[in-house]
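K.L.:
Make a model of this:
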Amino acid sequence: MQYEGDRDAFYDRMDALINPMPLDPSERLRSLLDSFQESVERRVLSVDTGEEYWRTNTRTIPMPIGHEVFETTGPWEDYSTPSRDLRLLIALDELLGLPKRVALQPERFAIEDKASAGKRSEAIQAELRSELARRTFAYTKSDGSKHTLRLADVAGRASAFEVGYDPNDCPEQRWGAPEGSDELATCKRRAPADQRVRLERYRVWFNTRTRPARGAKAP
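P.N.:
Presented below is the predicted three-dimensional model:
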């Protein structure tokens with residue numbers, strides 16, 4: 001199913017297909033949190049794999065044109081993360097949208113009335129904020145040191161993940177380290193200027209959570 005139009009409506013339809021029976025809101029939250037954390041931790045391994053390439057190679061990895069950033073061969077296919085990052089953004093949307101879905105669709109969560117749904121929604125929102133702040137992971141920086149982030153940091157840096165899949169960028173950049181921060185100070189490598197231009201052009205696919213059709217023209 002492709003995302004089209006209203007994003008919340010899309011996730012509602014998708015969730016109804018995957019989970020046709022009523023769900024307990026707290027159990028659904030834990031399931032989405034676990035899935036999102038697993039996606040983040042898998043991305044750590046993918047970015048680290050790209051850094052291993054740079055320890056023994058100094059040549060810039062060519063960036064494909066258009067749809068082929070998602071599907072090609074060679075080093076770009078091996079070390080870039082566009083498909084993984086798009087899935088990560090979709091998982092984040094679904095996670096952050098859960099409190100709203102509880103409030104607006106109480107029948108999907110076996111809640112009898114709107115008043116009860118509002119209270120459950122507020123409780124789920126509070127639990128979500130707490131868990132995003134509590135759950136952490138660490139990635140490897142350019143200097144080999146580990147840097148710890150919270151899942152809340154990933155949520156706050158969502159826009160950076162729309163252009164963070166290029167393995168020619170340093171890991172700090174790929175994890176959305178803010179400009180001027182101590183975290184970014186260890187960055188030793190940036191993608192070439194022409195690739196950064198294309199990353200911004202292709203951002204629309206990630207911003208709308210829509211993987212382009214094979215052969216689609218680049219924006």
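
K.L.:
where in the chain is pLDDT low?
P.N.:
Counting by pLDDT under 70, the chain contains low-confidence residues at 1-22.

K.L.:
Which positions within the longest helix seen in it qualify as buried?
P.N.:
In the chain, ranked by residue count with DSSP state H as the criterion, the top helix is helix 25-56. Residues 25, 28-29, 32-33, 36-37, 39-40, 43-44, 46-47, 50-51, 54 are the ones in helix 25-56 that count as buried (16 or more other C-beta atoms under 10 Å). For every residue, glycine as well, the C-beta is placed using N, CA and C.

K.L.:
And the next helix or strand past that helix?
P.N.:
Counting by DSSP states H and E, the next helix or strand C-terminal to helix 25-56 is helix 75-79.

K.L.:
Output the contacting helices and strands for the helix or strand just after that following helix.
P.N.:
Secondary structure here is assigned by DSSP H and E; on that basis, the next helix or strand after helix 75-79 toward the C-terminus is helix 82-96. Using 3 or more C-beta pairs under 8 Å, 6 or more residues apart in numbering; DSSP states H and E as the contact criterion, the elements in contact with helix 82-96 are helix 7-18, helix 25-56, helix 151-156, helix 193-207.

K.L.:
If you count contacts, what does the second one end up packed against?
P.N.:
Contacting helix 25-56 under the criterion 3+ C-beta pairs under 8 Å, 6+ apart are the following elements: helix 75-79, helix 82-96, helix 98-104, helix 114-134, strand 136-140, helix 151-156, helix 171-174.

K.L.:
Quick one: closest of the ones you listed to Gly66.
P.N.:
Shortest separation from Gly66 across these is recorded for helix 82-96, at 11.6 Å, computed as C-beta to C-beta.

K.L.:
tally of neighbours for the closest residue to Ala133 other than its chain neighbours?
P.N.:
Nearest residue to Ala133 in three dimensions, chain neighbours excluded: Ala152, at 4.9 Å (C-beta to C-beta, 6 or more residues apart in numbering). For Ala152, the tally of surrounding residues (other C-beta atoms under 10 Å) stands at 17.

K.L.:
I figured Asp169 hits Lys188, correct?
P.N.:
No: checked against C-beta atoms under 8 Å, the pair Asp169 and Lys188 is beyond contact range at 10.7 Å.

K.L.:
Those two: which has the busier surroundings?
P.N.:
Neighbours around Asp169 and Lys188, counted as other C-beta under 10 Å, are more numerous at Asp169. The numbers are 22 against 11.

K.L.:
What helix or strand is the more buried one located in?
P.N.:
With secondary structure defined by DSSP H and E, Asp169 is part of neither a helix nor a strand.

K.L.:
if I look at it, how far off is Ile61?
P.N.:
Taking C-beta to C-beta, to the nearest Å as the measure, Asp169 and Ile61 are separated by 10 Å.

K.L.:
re the thing from before, just tell me which of the helices and strands packed on helix 82-96 ends up closest to Phe70.
P.N.:
Distance to Phe70, taken as C-beta to C-beta, is lowest for helix 193-207 among these, at 8.6 Å.

K.L.:
Contacts for stretch 112-127, please.
P.N.:
Contacts with stretch 112-127, where a contact means C-beta atoms under 8 Å, 6 or more residues apart in numbering, come from Pro25, Ser26, Leu29, Leu98, Pro99, Lys100, Val102, Ala103, Leu104, Pro106, Phe109, Ile111.
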